[in-house]
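> Output the structure for:
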Amino acid sequence: LFAQGIRARPAAAVGLAMAGAREALQLVLNVGSSSIKYALYRSSAGAAGAAPAFRRLVQGLAEGIGTADHCRIKHETEGGKEKHEVPLPDHRAALAAVMGLLPADAKRGVGSVGHRVVHGGEAF
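Sure thing, here's the model as predicted:
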């Protein structure tokens, strides 16, 4: 993310920011062996003592990473769905392409990033 110019803050700072800020952005990633699923949410602080409300702004799937064909990004916003046929030679290129599709305010600062982690079994 830092290579893409995205500014992220430590988790403790995010909690403090939510206490004083009205809105924050959260990026959620699920990286697989040949794909990246992603979603960007905007959270709004609720009334005192209430949980924040989350609204999905963007979601998508970069697939075919590292393959010679079927490389594409399926990107969905409130405005509709798009499909981008792009070369995705590796995960770095795929993440860069995904970041290029996110709204401008996401590039100015994401409050937190979440990633799904799957346990690799007894050998790991």
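> can you map out the strands along the chain?
All strands of the chain, identified by DSSP state E, fall at 23-31, 35-44, 53-63, 72-77, 80-85, 112-115.
> Can you spell out which helices and strands pack onto the shortest one?
Other helices and strands packing on strand 112-115, by 3 or more Cβ pairs under 8 Å, 6 or more residues apart in numbering; DSSP states H and E, are strand 23-31. C-beta coordinates here come from the backbone N, C-alpha and C atoms, glycine included.
> what do you get if the cut-off is 10 Å, keeping everything else the same?
Counting contacts by 3 or more Cβ pairs under 10 Å, 6 or more residues apart in numbering; DSSP states H and E, strand 112-115 is packed against helix 11-20, strand 23-31, strand 35-44.
> in this protein, which helix or strand is least confident?
Ranking every helix and strand in the chain by mean pLDDT, DSSP states H and E puts helix 11-20 at the bottom, with a mean of 45.
> and stretch 53-63, how far out from the chain's middle?
7 Å (Cα atoms, centre = their mean, to the nearest Å).
> need the contact list for residue 43.
Each residue near residue 43 by Cβ atoms under 10 Å, 6 or more residues apart in numbering is listed here: 14, 18, 21-26, 51-55, 111-112.
> Which one (most neighbours) among those?
With neighbours taken as other Cβ atoms under 10 Å, the top of the contacts of residue 43 is residue 111, carrying 22 neighbours.
> Can you tell me the closest non-neighbouring residue to that one?
Using Cβ to Cβ, 6 or more residues apart in numbering and skipping residues adjacent in sequence, the residue nearest residue 111 is residue 24, 3.5 Å away.
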